[in-house]
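In: Give the three-dimensional model of this entry:
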Amino acid sequence: MEKFFDPKSVVVVGASNSPFNLGATICNMLKDYLQYPGAVYAVNSKGETVNGYPGYSSILDLPETPDLAVIIVAAKNVPGIISECAAKGIKRVIIESAGFSEGGHKGQAMQREIDDIARANGIRIMGPNCLGTLDTRKKFCCFYGVNPSLVEMGRIFEAPGNISYIIQSGGIVVLVIESFFYDLVGVNKVVSIGNKCDVDEADLIDYFQTDETEVIGMYLENVANGRKLMEAARKSRKPVLIYKVGRTQEGAMAAMSHTAGMANNDKIFESACKQSGIIRLQSIDELHSMPKMLTEMPLLKGRRIAMFTNSGAFGSISADLLVGADLEVVRLSPQTQEKLKKAGQVFNIKNPVDIGPAPPQTYLDIYEILLSADEVDGILPLLSVWQTFVIDTLLELMKMCKHYGKPAAIYTPNAIAKSIAIRAKHRIPIFETAEQAVRALSVSNYYYESLRKRNFIPVETGVEKEKSHA
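Out: Numbers count the residues shown, from 1 in each chain. Below is the predicted model:
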């Protein structure tokens with residue numbers, strides 16, 4: 001699987017100097033933007049050089065056998081090109097062309113022909129009808145149509161992260177990538193699998209167990225081999241988050257026309273997710289909003305939540321949200337309330353804890369009191385950043401959370417732009433809505449419980465945690 005993300009040489013079949021040629025955009029990305037160090041070859045009908053990369057009219061004429069072939073030509077030409085790949089000994093192929101299983105009987109026949117050739121020659125195929133792969137650490141990307149001058153992809157490669165994405169739709173790839181600019185999610189790898197005639201999401205879940213990935217995010221339109229997916233997820237020691245379309249009959253039909261996704265029984269899929277520990281996402285936005293709760297905070301080991309606010313209304317709103325998420329608005333013990341009373345400037349020593357204008361030490365004292373309380377499993381700070389020192393206290397809160405092994409889902413009810421700016425500048429895992437913050441606590445607890453059920457955490461203590469999420 002590694003050669004799909006870190007090939008030492010690549011051939012782009014279909015790259016030419018024709019106006020708006022998509023294969024040429026891959027060559028441009030590799031040379032001008034990523035300074036890819038490996039050999040790159042272009043194959044086109046004229047055998048012409050593309051952006052300085054030598055051109056050939058046939059794969060068979062290449063001076064070496066590349067690690068990876070990226071194919072972006074008319075679907076009718078792909079079976080013949082796969083035959084040439086087989087003859088040349090190429091074992092890894094990404095087919096970015098569309099018009100196969102999703103394109104009716106003729107496309108399905110071509111798909112079968114490709115599959116037969118690949119199986120007979122030990123070729124692994126990603127796609128067809130996909131964008132390919134992106135690896136921030138190896139600085140490799142074979143997405144077509146990317147114009148670095150229009151898309152700020154530099155920020156992705158300059159700060160590699162630990163989230164890897166498996167996405168069936170190219171359009172969703174673009175949406176998720178753009179979200180990286182505004183959230184704490186730093187990407188490790190992104191793969192667009194399209195029709196997944198060969199390499200599928202289960203293969204990639206297994207592969208991501210071996211690299212820097214900490215959280216796996218997925219967008220699926222269908223599941224062809226449910227048993228294989230659930231087994232890979234069940235064995236995964238890294239959280240697997242899935243947003244899957246097709247909850248309704250109409251959604252399933254739309255997926256069928258896009259990536260040949262067949263309608264799956266959604267109730268069965270939901271049940272299988274619970275059994276295998278998969279976190280099923282409720283919206284596309286959660287693909288980028290939820291991972292930071294799993295990478296930046298300890299897991300939530302219980303359901304008892306304490307709220308802390310400097311604006312009372314948000315405590316009332318969030319209490320309803322917590323109950324709706326099947327979390328508990330914890331009743332603080334008399335001992336905890338007595339400590340809060342001594343903190344000063346506290347309007348309400350019960351849950352939610354409510355303060356007025358107060359100095360930084362009051363915030364720090366309240367964090368310490370709540371996190372150290374035996375009856376509290378996690379906290380929900382709902383803090384308006386009315387003074388810059390509130391930001392400093394949140395940085396200290398993150399350290400306290402790791403010390404006590406309890407998470408905080410932070411919501412700053414300021415203008416969203418201000419919250420995003422604080423999050424980006426200070427690397428604080430701030431959520432943009434109270435709903436997101438509560439949902440993050442729920443996801444964290446769900447994943448913790450799934451680890452226990454799969455015996456990845458000793459049941460007798462219930463407090464240990466995977467090292468990768470410490």
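In: Just to check, residue 47 is in contact with residue 55?
Out: Yes. Taking contacts as CB atoms under 8 Å, residue 47 lies within contact range of residue 55: 5.0 Å. Glycine gets a C-beta too; all of them are placed from N, C-alpha and C.
In: Pick out whichever of these two has more residues nearby.
Out: Comparing residue 47 with residue 55 by other CB atoms under 10 Å, the one with more neighbours is residue 55, at 20 against 14.
In: That one and residue 44 touch, don't they?
Out: Yes. Between residue 55 and residue 44 there is a contact under CB under 8 Å: 6.0 Å.
In: got the contact list for residue 173?
Out: Residue 173 sits next to 131, 143, 165, 167, 190, 192 when contact means CB atoms under 8 Å, 6 or more residues apart in numbering.
In: element containing it?
Out: Per DSSP states H and E, residue 173 falls inside helix 170-179.
In: In what element of secondary structure is the closest residue to residue 113 other than its chain neighbours found?
Out: Leaving aside its sequence neighbours, residue 113 sits nearest to residue 79 (CB to CB, 6 or more residues apart in numbering; 4.6 Å). Secondary structure from DSSP H and E places residue 79 in helix 78-88.
In: can you pull the buried residues of that helix?
Out: Buried residues in helix 78-88, counted by 16 or more other CB atoms under 10 Å: 78-79, 81-86, 88.
In: quick one: low-confidence parts of the stretch 201-350 of the chain?
Out: Scanning the stretch 201-350 of the chain with the threshold set as pLDDT under 70 gives 246-264, 312.
In: need the strands for it, in chain order.
Out: Applying DSSP state E, counting those that start in this stretch to the stretch 201-350 of the chain gives strands spanning 215-220, 240-244, 279-280, 304-309, 328-329, 346-348.
In: Endpoint to endpoint, stretch 343-359 covers what distance?
Out: Criterion CA to CA, to the nearest Å; first-to-last residue distance in stretch 343-359 is 11 Å.
In: Now that stretch: buried residues?
Out: Neighbour count says stretch 343-359 has 343, 346, 349, 351-355, 358 buried, by 16+ other CB under 10 Å.
In: show me the residues around the closest residue to residue 36 other than its chain neighbours that make contact.
Out: Distance criterion CB to CB, 6+ apart; nearest residue to residue 36, sequence neighbours excluded, is residue 30 at 4.0 Å. By CB under 8 Å, 6+ apart, the contact set of residue 30 is 10, 36, 40, 140-142.
In: Would it be right to say that residue 30 lies in a helix?
Out: Yes. Counting by DSSP: H, G, I helix; E, B strand; the rest coil, residue 30 falls inside a helix.
In: Give me the pLDDT value at it.
Out: Listed pLDDT for residue 30 reads 95.
In: Just give me how far the next helix or strand along the chain from the helix holding residue 173 sits from the chain centre.
Out: The first helix or strand that comes after helix 170-179 along the chain, using DSSP H and E, is strand 187-192. Strand 187-192 sits 8 Å away from the centroid of its parent chain (CA atoms, centre = their mean, to the nearest Å).
In: Then stretch 285-296?
Out: Centroid separation for stretch 285-296 versus its chain: 8 Å, with CA atoms, centre = their mean.
In: That one spans what distance, first to last residue?
Out: Using CA to CA, the end-to-end distance of stretch 285-296 comes to 18 Å.
In: now swap in stretch 409-418 and tell me
Out: Using CA to CA, first and last residues of stretch 409-418 are 17 Å apart.
In: can you list contacts of it?
Out: The contact list for stretch 409-418, computed with CB under 8 Å, 6+ apart, reads 293, 297, 311, 314, 318, 378-385, 394, 397, 419, 422, 428-434, 436-438, 440-441, 444.
In: I'd like the average pLDDT over that stretch.
Out: Computed over stretch 409-418, the mean pLDDT rounds to 91.
In: same thing with stretch 126-133?
Out: 95.
In: Okay, buried residues for it please.
Out: Result for stretch 126-133 [16+ other CB under 10 Å]: buried residues 126-133.
In: Please apply the same query to stretch 111-131.
Out: Neighbour counts over stretch 111-131 (16+ other CB under 10 Å) mark 111, 113-115, 117-118, 123, 125-131 as buried.
In: Same check on stretch 427-442?
Out: The neighbour-count check on stretch 427-442 (16+ other CB under 10 Å) flags 428-432, 434-442 as buried.
In: from these, which is closest to residue 267?
Out: Residue 267 lies nearest to residue 442 out of the buried residues of stretch 427-442, by CB to CB, at 20.5 Å.
In: Distance from the one helix or strand the closest one maps to to the middle of the chain?
Out: Secondary structure assignment for residue 442, by DSSP H and E: helix 434-453. Put simply, helix 434-453 sits 16 Å off its chain's centre (CA atoms, centre = their mean).
In: Could you do stretch 63-81 as well?
Out: On the basis of CA atoms, centre = their mean, stretch 63-81 is displaced by 29 Å from the centre of the chain it belongs to.
In: how long is it end to end?
Out: Start to finish, the residues bounding stretch 63-81 are 17 Å apart (CA to CA).
In: Stretch 157-170 now?
Out: End-to-end distance of stretch 157-170 (CA to CA): 19 Å.
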